[in-house]
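> make a model of this:
(2 chains)
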Number of protein chains: 2
Amino acid sequence: MKTNVTLGIDVGGTNTAFGFVDINGKCLKESSLPTKANNSAADLFARLNPEIDKLYDTISNRCVLKGVGIGAPNANYYRGTVENPPNLRWGIINVVEIIKQYYDVPAAITNDANASAIGEMLFGAAKGMKNFIVITLGTGLGSGVVVDGKLVYGSDGFAGEIGHTVYDPNGRLCGCGRKGCLETYASATGIKRTVMDLLANSNHDSPLRNVSFNDLDSKMIYSAALAGDQLSKEAFEFTGKVLGLKLADAVAVTSPEAIILFGGLALAGNMIIEPTKKSMEENLFHVFQNKVKILQSGLPEGNSAVLGASALIWNEIIKTDKISI
Amino acid sequence: MKTNVTLGIDVGGTNTAFGFVDINGKCLKESSLPTKANNSAADLFARLNPEIDKLYDTISNRCVLKGVGIGAPNANYYRGTVENPPNLRWGIINVVEIIKQYYDVPAAITNDANASAIGEMLFGAAKGMKNFIVITLGTGLGSGVVVDGKLVYGSDGFAGEIGHTVYDPNGRLCGCGRKGCLETYASATGIKRTVMDLLANSNHDSPLRNVSFNDLDSKMIYSAALAGDQLSKEAFEFTGKVLGLKLADAVAVTSPEAIILFGGLALAGNMIIEPTKKSMEENLFHVFQNKVKILQSGLPEGNSAVLGASALIWNEIIKTDKISI
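Have a look, this model is predicted:
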């Protein structure tokens, strides 16, 4: 009998990754190509389709395609659209319609954080959980909120923007035009800004005094902290303090069993989890105290985005066909 | 044919109200008795039961009891319990089990804010909405969050504590032991505290300079504001500013279609809605701007709590019997 697979496509600002994933979250084949952010969505999918076909040819003797899931910036699950993504010159475009021209199977789209949340639920750290939140700590802070086993899309399909809850109304300028959004503190970019702030306001010696803002990344801050750099440790402490405070607010709304940290900055493990957990507990309303786990992503680092996109459509198929995994 | 009714019971710190409500939200009969906060839950229900029977006798020739819904402080929907309510000496007690000793119909319990949310969905301002939040502005600030037509209870049954999200970590001491919780600013008590703060820090003349903290209530502040008192107006402005900021955070999590204000302070109508709306819009992430309505409760003031409790169990019956209203 052939193995059922879904195609997961993760559209990023630089590269678009795609792969075929079975119902157990095993990625059988994957590849990627440049997104070419200045070109149209139609151009991307016209280039993507033959590459996908080529990849599918290598497994089609033993696999059947059951659906296509797409993770993309500013994607709207309800409408199937991508709407004015900040880093792609696409405007508003119905990606699910484009996909349906190529593949005669169910297709769905959502943003990468929501796709990650469903990925964690089906294949990762949230397996078996009904109420949890996934926080992606990348260039920005994305989030996917799951309530009673279902991703929360809200009235307009854009729910789960915890990165744009406000930590400090007089704080750091955010890419969204407002001030003090959580993602200006808790993200790979946020911790870089915190390092700059500490370099400005403290006299600690630090190897990071030799690195420019543009050259700095969260991995370097993590390495420096591991090597004992006080300033880098403080940057993690402060990032966790801010993140924990705002997570406590989010817990008060949906009462999740766990919060799962995903993405570049989450690779720092306990360096980020411990101060986040401490600050969250300090700021939690007492009925929630000592109940909410903070976990690291359970998805493999390399192809987590493809797994998430694939999980999005697997989740639809599971609901429709009433199968369990 | 007899009319199906449910019994709604609202347990308050002072009085317990109860009434029989049909599927259209019409309260056919209602009454109340003193809760006697220092006595046990068993005592309350032993006194309540004959009163309910007496009331039911007046309509039993034309009505059939289909279920019992209870609204009570610190109630847990999953477990059927009330757990250490701050203003009742009950400890942890399974109220649904007690109710089932008296009535052989489905029964459910939740806190009053959640009951209000279901009341608004079935009978009030949220009729037909799938995603909304109800904020009760009483002595404290309660909230009920509805996602995709279902009340959010979360992993432990205590979701929806927006009153205990933090506005200012160094702010006002809250009854929960922490500092700066939203309800210390946005509630009937919160606006009293704001008036005291303005009396302390401004030189405005105000009729409220003649009123003690204990004598002051939100209705007096509203009346003074209506009569042109600058200080009272400022108190509403500030309350709306704080509430709007934290509502913007909540919107970013669940993307509701509307936020419905309920309870004593909400009776101030546009005096509280306008500054709240202004502040919320200023603090909303752009994808949510100009989309979220702020509405006043659509439940009648007098028996809204009984209607909410009744709606809780009507909602269960509607789901089970697949009927629509």
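
> you'd agree A:Leu65 is up against A:Pro106?
No. Counting by CB atoms under 8 Å, A:Leu65 stays clear of A:Pro106, with 10.4 Å between them. No exception for glycine: its C-beta is placed from N, CA and C like everyone else's.

> tell me how far the ends of stretch A:141-161 are from each other?
Using CA to CA, to the nearest Å, the end-to-end distance of stretch A:141-161 comes to 8 Å.

> which residues touch A:Ala268?
Applying CB atoms under 8 Å, 6 or more residues apart in numbering or on different chains to A:Ala268 gives the contacts A:Ser218, A:Tyr222, A:Ala225, A:Phe236.

> so which of those residues sit within helices?
Within the contacts of A:Ala268, residues falling in helices by DSSP state H are A:Ser218, A:Tyr222, A:Ala225, A:Phe236.

> against A:Met196, how distant is the residue of chain A most remote from its centre?
Using CA atoms, centre = their mean, the residue of chain A lying farthest from its centre is A:Asn203. It sits 35.2 Å away. Relative to A:Met196, A:Asn203 is positioned 15 Å away (criterion: CB to CB, to the nearest Å).

> would you mark the buried spots in stretch A:259-279?
A:259-268, A:271-273, A:275-277, A:279 (16 or more other CB atoms under 10 Å in any protein chain shown).

> ugh, wrong one, I meant stretch A:5-21
Within stretch A:5-21, the residues scored as buried using 16+ other CB under 10 Å are A:5-12, A:16-21.

> straight-line length of stretch A:18-29, end to end?
9 Å.

> gap between that stretch and the chain center?
Averaged C-alpha coordinates place stretch A:18-29 at 18 Å from its chain's average position (CA atoms, centre = their mean, to the nearest Å).

> stretch A:28-42 too?
Stretch A:28-42 sits 18 Å away from the centroid of its parent chain (CA atoms, centre = their mean).

> then stretch A:269-287?
The answer for stretch A:269-287 is 20 Å, by CA atoms, centre = their mean.

> that stretch near chain B at all?
Yes. Stretch A:269-287 lies within reach of chain B by CB under 8 Å from any CB of the partner chain, at A:Asn283, A:Phe285, A:His286, A:Val287.

> in a strand, that's where A:Gly228 is, yeah?
No. Counting by DSSP: H, G, I helix; E, B strand; the rest coil, A:Gly228 is not part of a strand but coil.

> leaving out sequence neighbours, find the closest residue to the residue nearest the centre of chain A.
Per CA atoms, centre = their mean, the C-alpha nearest to the average position across chain A is that of A:Ala113, at 3.3 Å. Spatial nearest neighbour of A:Ala113, chain neighbours left out: A:Gly142 (2.9 Å); criterion: CB to CB, 6 or more residues apart in numbering or on different chains.

> is that neighbour bridged to anything, and to what?
A:Thr136 (DSSP bridges).

> how about it, what does it touch?
Each residue near A:Gly142 by CB under 8 Å, 6+ apart is listed here: A:Asn111, A:Asp112, A:Ala113, A:Ser116, A:Ile135, A:Thr136, A:Gly160, A:Gly163, A:Gly263.

> among these, which one sits closest to B:Leu307?
Lowest distance from B:Leu307 to the contacts of A:Gly142 (CB to CB) belongs to A:Gly160, with 31.9 Å.

> identify the residues contacting that closest one.
Counting by CB under 8 Å, 6+ apart, A:Gly160 touches A:113-114, A:117, A:142-145, A:151-154, B:252-253, B:255.

> hmm, 6 Å instead?
Neighbouring residues of A:Gly160 by CB atoms under 6 Å, 6 or more residues apart in numbering or on different chains: A:Ser143, A:Gly144, A:Val145.

> can these go into JSON lines with extra columns for distance to chain B?
What follows is the contacts of A:Gly160, written out as JSON lines (distance: CB to the nearest CB, whole Å):
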{"residue": "A:Ser143", "distance to chain B": "8"}
{"residue": "A:Gly144", "distance to chain B": "11"}
{"residue": "A:Val145", "distance to chain B": "6"}
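
> those, buried ones only, as a ChimeraX selection?
Selecting only the buried entries of the contacts of A:Gly160 in ChimeraX, with 16+ other CB under 10 Å as the criterion:
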select /A:143,144,145
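
> not counting sequence-adjacent ones, nearest residue to the closest residue to chain B within the stretch 51-200 of chain A?
Closest to chain B within the stretch 51-200 of chain A is A:Gly154: 2.4 Å, counting by CB to the nearest CB. Nearest residue to A:Gly154, sequence neighbours excluded (CB to CB, 6+ apart): B:Ser255, at 2.4 Å.

> give me the distance between that neighbour and B:Lys130.
Relative to B:Lys130, B:Ser255 is positioned 11 Å away (CB to CB).

> more neighbours, those two?
Per other CB atoms under 10 Å in any protein chain shown, whichever of B:Ser255 and B:Lys130 has more neighbours is B:Ser255, with 25 against 15.

> contacts only, for A:Val306.
A:Gly8, A:Asp10, A:Ala17, A:Gly19, A:Glu30.

> now with 10 Å?
Residues in contact with A:Val306 (CB atoms under 10 Å, 6 or more residues apart in numbering or on different chains) are A:7-10, A:17-21, A:27, A:30-32, A:69, A:71, A:115, A:119, A:299.

> now do A:Arg193
Taking CB under 10 Å, 6+ apart, one finds A:Arg172, A:Leu173, A:Thr184, A:Tyr185, A:Ser187, A:Phe213, A:Leu216, A:Ala235, A:Thr239 in contact with A:Arg193.

> narrow those residues to just the buried residues.
Among the contacts of A:Arg193, the ones that count as buried by 16+ other CB under 10 Å are A:Arg172, A:Thr184, A:Tyr185, A:Ser187, A:Leu216, A:Ala235, A:Thr239.

> could you report the neighbour count for the nearest residue to the fifth one once chain neighbours are set aside?
Spatially, and ignoring its direct neighbours in sequence, A:Leu216 is nearest to A:Lys192 (5.1 Å; CB to CB, 6+ apart). Neighbourhood size, A:Lys192 [other CB under 10 Å]: 20.

> go on, A:Asp104?
The local packing of A:Asp104 (other CB under 10 Å) involves 8 other residues.

> so it, which state does it fall into?
Here A:Asp104 is recorded as coil under three-state DSSP.

> thought it was touching A:Lys66?
No. Taking contacts as CB atoms under 10 Å, A:Asp104 lies outside contact range of A:Lys66: 11.2 Å.

> ok but A:Thr6 is inside a helix, no?
No. Using three-state DSSP, the assignment for A:Thr6 is strand, not a helix.

> beta partners for it?
Beta-bridge pairing for A:Thr6 (DSSP bridges): A:Val21, A:Gly67.

> for A:Asn270, report the pLDDT, please.
At A:Asn270, the model reports a pLDDT of 96.

> which residues does it contact?
The contact partners of A:Asn270, taken as CB under 10 Å, 6+ apart, are A:Phe236, A:Thr276, A:Lys277, A:Ile294, A:Gln296.

> 7 Å instead?
By CB atoms under 7 Å, 6 or more residues apart in numbering or on different chains, A:Asn270 lies in contact with nothing.

> A:Lys278 versus that one, what's the distance?
For A:Asn270, the distance to A:Lys278 equals 11 Å [CB to CB].

> hmm, A:Ala17 and A:Ser32 touching each other?
Yes. The criterion here is CB atoms under 7 Å, and A:Ser32 meets it with A:Ala17 at 4.2 Å.

> quick one, phi psi at the residue of the stretch 201-325 of chain A found nearest chain B?
Here the stretch 201-325 of chain A gets closest to chain B at one residue, A:Ser255, 2.4 Å apart by CB to the nearest CB. Per-residue torsions, A:Ser255: phi 50, psi 60 (degrees, to the nearest 10).
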